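Trainee: this is the structure alone, sequence omitted:
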């Protein structure tokens, strides 16, 4: 019997300070874990990185605060970060010697999907990770092979 999920949502405000990105990232990961979202181990690390990048961008370019919404649909974990900037996010390919500017390129490479849209008061940047396939439970006890021996 396949487990049925009902949509879940968590929303919170983030205000820029020295630990804001870490707290937001940790909450996103904790919420997903608390809901039992089946993410592959690699995807869990990618989720942390993508959350850090998108929240950092929102705080730096969107007025020092943002709203984060995490949604679990039963098929994918979606993270939306809304800020007050109307400027479109840009995927950059900075030179190797630059220390910033790779955030959205990482999100594009790591998330299963990402995008953005203008909102009434700024924009919303979102990314999503698909659920990892859940292995099927064994149907019944496994019996060892029967061997017929002749005497």
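Mentor: Ah, there it is. Please read all numbers here as calculations on a predicted model, not as lab measurements.
Trainee: show me the strands in this protein, by range?
Mentor: With DSSP state E as the criterion, the chain has strands at 8-15, 65-72, 76-83, 113-119, 122-130.
Trainee: out of the ones you listed, deepest packed?
Mentor: Comparing the strands of the chain by mean neighbour count (mean count of other Cβ atoms under 10 Å), strand 76-83 ranks first with a mean of 22. For glycine as for every other residue, the C-beta is placed from the backbone atoms N, C-alpha and C.
Trainee: and the angle for it with strand 113-119?
Mentor: Taking axes from the mean of the first three to the mean of the last three Cα atoms, to 10 degrees, one finds that strand 76-83 is oriented at 40 degrees with respect to strand 113-119.
Trainee: partner strands of strand 76-83 and their direction?
Mentor: Here strand 76-83 has these sheet partners by DSSP bridges: strand 65-72 (antiparallel), strand 122-130 (antiparallel).
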